[in-house]
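> Here is a sequence with its predicted model. Questions after.
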Amino acid sequence: PPPPSPSPSPSPSPTPIDPSSSQRLLNAGFSSGKAPWELVVRTDKNAAATWSVNNGVANVQISRSGTSSWHIILQQEVSLVAGATYEFSARMKASGNRRVAMQVRPVGGQSVDGGWGTPTLGTSWSTHSLTFRAPSSRTYEIVLRLGGDRKSVQVDWARVVGEGGDSSPVPPPPSPSPSPSPSPTPIDPSSSQRLLNAGFSSGKAPWELVVR
């Protein structure tokens with residue numbers, strides 16, 4: 001009888017793909033205000049900050065920075081699929097050159113593999129991203145760590161998409177509001193002489209002498 005044929009090598013398991021590969025963040029461009037984004041400030045670490053949203057831009061004003069980036073964080077929770085690869089990107093700027101940290105972690109846990117980056121921001125809009133793999137199907141925190149520096153930070157867009165997912169371009173950053181044009185000086189539609197009997201050719205009226 002012929003010798004036995006070698007057993008075929010098993011095919012490698014395909015990398016899991018998130019069946020919903022579109023944008024996973026809600027209110028990614030802050031067009032609907034703050035929710036479900038949350039600013040967490042560790043006042044017990046001597047940090048103090050407030051935030052507002054205006055015209056689709058989140059503005060984080062920092063009065064006390066604390067001593068570490070995690071003392072002030074802007075975050076949102078999302079559900080991700082085990083083994084799937086994602087990209088987390090955000091467009092930001094600051095009131096001066098400074099570093100921030102981008103982090104992806106299970107709720108209350110440590111950064112996942114690839115889920116950490118420390119980009120430097122300037123005073124112009126710039127987009128920063130990192131690619132990570134979700135180790136399990138669960139809820140994760142998408143985090144921007146802003147503590148450790150008092151310079152304010154603005155965020156106008158963030159995105160978490162699965163591999164091969166939504167590649168549509170991010171909307172352009174907001175343009176600065178143009179300075180209002182000065183109001184034109186009013187012009188009297190009747191630009192002719194307004195005084196009556198200006199040359200006193202008709203006597204006194206309507207001129208009047210007032211003596212106190």
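Noted; the coordinates are in hand. Numbers count the residues shown, from 1 in each chain.
> what's the neighbour count on the nearest residue to H128 once chain neighbours are set aside?
Closest residue in space to H128, ignoring its immediate chain neighbours: P119 at 3.8 Å, by C-beta to C-beta, 6 or more residues apart in numbering. Where you see a C-beta, it was placed from the backbone N, CA and C, and this is true even at glycine. By the measure other C-beta atoms under 10 Å, the count of residues near P119 is 15.
> ok, now which ones touch P119?
Counting by C-beta atoms under 8 Å, 6 or more residues apart in numbering, P119 touches M92, R99, V100, M102, S126, H128.
> Would you format the residues you listed as a markdown table with pLDDT, neighbour count and distance to S111 included?
Shown next, in a markdown table, are those (pLDDT from 0 to 100; neighbours: other C-beta atoms under 10 Å; distance: C-beta to C-beta, whole Å):
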| residue | pLDDT | neighbour count | distance to S111 |
| --- | --- | --- | --- |
| M92 | 97 | 25 | 19 |
| R99 | 96 | 15 | 16 |
| V100 | 97 | 28 | 15 |
| M102 | 96 | 23 | 10 |
| S126 | 96 | 15 | 22 |
| H128 | 96 | 17 | 16 |
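> State the number of residues packed around R42.
For R42, using other C-beta under 10 Å, the count is 17.
> The spatially closest residue to it that is not a sequence neighbour: neighbour count?
Excluding the flanking residues, the one nearest R42 by C-beta to C-beta, 6+ apart is H71, at 4.4 Å. By other C-beta under 10 Å, the residues close to H71 number 24.
> and H71, backbone torsions?
Main-chain torsions, H71, degrees, to the nearest 10: phi -80, psi -20.
> which ones are touching it?
V41, R42, K45, N46, A47, S65, G147, G148.
> That one and S95, how far apart?
H71 is 18 Å from S95, where distance means C-beta to C-beta, to the nearest Å.
> How about E208?
E208 is 63 Å from S95, by C-beta to C-beta.
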